[in-house]
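# Can you look at this prediction? I've put the sequence above it.
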Amino acid sequence: MKALGLDTSNYTTSAAVFDGETGENRGRLLEVRPGQLGLRQSEALFQHVKALPERMKELRETGLLENVAAVAASTRPRAVEGSYMPCFLAGESLGRSVAEVLNVPFFAVSHQQGHLAAAAWSAGQMHLLDEPFLAWHLSGGTTELLYAEPEGANVKAQRIGGTTDISAGQLIDRTGVLLGLSFPAGKALDQLSEQSGSRDQFRVKVQDMAFSLSGMENQVKALMEKGREPADIARFVLNTVSDAVCRATVEAQDRFPGIPLLCSGGVASNRRLRYVLSEFCQGMFAQPQYSTDNAMGAAILARRLMGAQRRDL
């Protein structure tokens, strides 16, 4: 039996189907005009409402929507009190409607829980969802170090570290726009940085597994004023982020020895970061296509929650 998952984050519209072993995600980035640093929530919500029918059509045309027995949607950024973003209403509304039409259960999950589930599955480590683990959620708006543990068939994540101001993704996107790259700039900045062998970085202070990145924008602007090559500036930013994340991780591993580390979120697809965390922290990563925002995690959790519900009957 299959489960349908929907996720309407601030930058991606996605729908996915999972059958217990394999899955398929259909996603598309929202449109951001050149020079802009993102979208207002009202504009993101509008684009999701327009884009969701096409994502569903793509799944239907490949036969993936046959025998759907459960539906889940990301309804908020995190599974904590007060977590809310209007853009998730698009996926939740469609998900509840589809579940009613099919007469199947609907499950509300968080965007973060979906990221963790998709990362565990695509890394071939589904067993992590049934035991404690450390996790990074590294995305356009989030840089959080988490202690995760099972919560029934779902996953509970407690923030234990990360940035205290702007996220790594925001720094990367802002740097990219300053260098003339399109938003979101993560992939392009990663590619640009590969043209440089510079080891320069700014040593951010890490304390209690937390650190600040807000001052890095001034560092970037200073390098631009000095005429440094764009590739060197890109490398400088990614070296700095990777070093801070690595040191916070090492501190967490000292406090929670012996449990695995899983990395999720779009920023986690960065090659420099993946190298540093895998080499020095034994980190496991989602496949790149499941690091970015996607609905696969919601579909995976729907399948798990449906199974648990049936066992309880």
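Perfect, thanks for sending it.

# low-confidence ranges in the chain?
313 (pLDDT under 70).

# quick one: the strands in it?
Secondary structure of the chain (DSSP state E): strands located at 2-8, 12-18, 23-29, 68-76, 106-110, 133-138, 143-151, 154-163, 206-207, 210-211, 261-264, 284-285.

# okay, the angle between the fifth one and strand 154-163?
The one in question is strand 106-110. Interaxial angle of strand 106-110 relative to strand 154-163 (axes from the mean of the first three to the mean of the last three CA atoms, to 10 degrees): 20 degrees.

# now the strands of the chain in JSON lines, with mean neighbour count?
Quick note: C-beta positions are derived from backbone N, CA and C, even for glycine. Formatted as JSON lines, these follow (neighbours: other CB atoms under 10 Å):
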{"stretch": "strand 2-8", "mean neighbour count": "30"}
{"stretch": "strand 12-18", "mean neighbour count": "28"}
{"stretch": "strand 23-29", "mean neighbour count": "19"}
{"stretch": "strand 68-76", "mean neighbour count": "26"}
{"stretch": "strand 106-110", "mean neighbour count": "22"}
{"stretch": "strand 133-138", "mean neighbour count": "28"}
{"stretch": "strand 143-151", "mean neighbour count": "20"}
{"stretch": "strand 154-163", "mean neighbour count": "20"}
{"stretch": "strand 206-207", "mean neighbour count": "16"}
{"stretch": "strand 210-211", "mean neighbour count": "20"}
{"stretch": "strand 261-264", "mean neighbour count": "26"}
{"stretch": "strand 284-285", "mean neighbour count": "21"}
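
# give the contact list for residue 260.
125, 128, 133, 134, 282, 284 (CB atoms under 8 Å, 6 or more residues apart in numbering).

# Which residue comes closest to the second one once chain neighbours are left out?
Read that as residue 128. residue 120 (4.6 Å; CB to CB, 6 or more residues apart in numbering).

# now swap in the last one and tell me
Once its chain neighbours are removed from consideration, residue 284 has its nearest residue in residue 123; the separation is 4.8 Å (CB to CB, 6+ apart).

# For that neighbour, grab the count of nearby residues.
For residue 123, the count of nearby residues is 20 (other CB atoms under 10 Å).

# Could you do residue 35 as well?
9.

# swap in residue 54?
12.

# tell me the contacts of the closest residue to it other than its chain neighbours?
Leaving out its chain neighbours, the residue that sits closest to residue 54 by CB to CB, 6+ apart is residue 28, at 7.6 Å. Contacts here follow CB under 8 Å, 6+ apart; on that basis residue 28 touches 12, 13, 14, 51, 54, 55.

# Same question for residue 35.
So residue 35 contacts 177, 183 (CB under 8 Å, 6+ apart).

# any idea how far it is from residue 185?
12 Å (CB to CB, to the nearest Å).

# Check residue 236 too.
Per CB to CB, residue 236 is found 15 Å from residue 185.

# phi, psi of the residue nearest the centre of the chain?
Nearest to the geometric centre of the chain sits residue 265, at 2.5 Å (CA atoms, centre = their mean). When quoted as degrees, to the nearest 10, the phi and psi of residue 265 stand at phi 100, psi 160.

# Surely it touches residue 291?
Yes. Counting by CB atoms under 8 Å, residue 265 does reach residue 291; the two are 6.3 Å apart.

# Please give the number of neighbouring residues around residue 131.
11.

# how about the nearest residue to it once chain neighbours are set aside, what does it touch?
Closest residue to residue 131 apart from its sequence neighbours, by CB to CB, 6+ apart: residue 150 at 6.9 Å. If a contact means CB under 8 Å, 6+ apart, then residue 150 has 129, 130, 131, 132, 156 as its contacts.

# Residue 119 too?
Residues near residue 119 by CB under 8 Å, 6+ apart: 135, 262, 263, 264, 268, 284, 285, 286, 290, 291, 297.

# and the residues you listed, which two are the farthest apart?
Spatially, the most separated pair among the contacts of residue 119 is 284 and 297, at 15.3 Å (CB to CB).

# Hmm, residue 55 and residue 15 touching each other?
Yes. Applying CB under 8 Å as the test, residue 15 and residue 55 come out as touching, 4.1 Å apart.

# what is in contact with the two at once?
Residues touching both residue 15 and residue 55 (CB under 8 Å, 6+ apart): 26, 27.

# What distance do you get for residue 188 to residue 66?
Applying CB to CB, the value for residue 188 to residue 66 is 38 Å.

# Which one's more surrounded, the two?
Neighbour comparison, residue 188 and residue 66: the larger count goes to residue 188, with 17 against 10 (by other CB under 10 Å).
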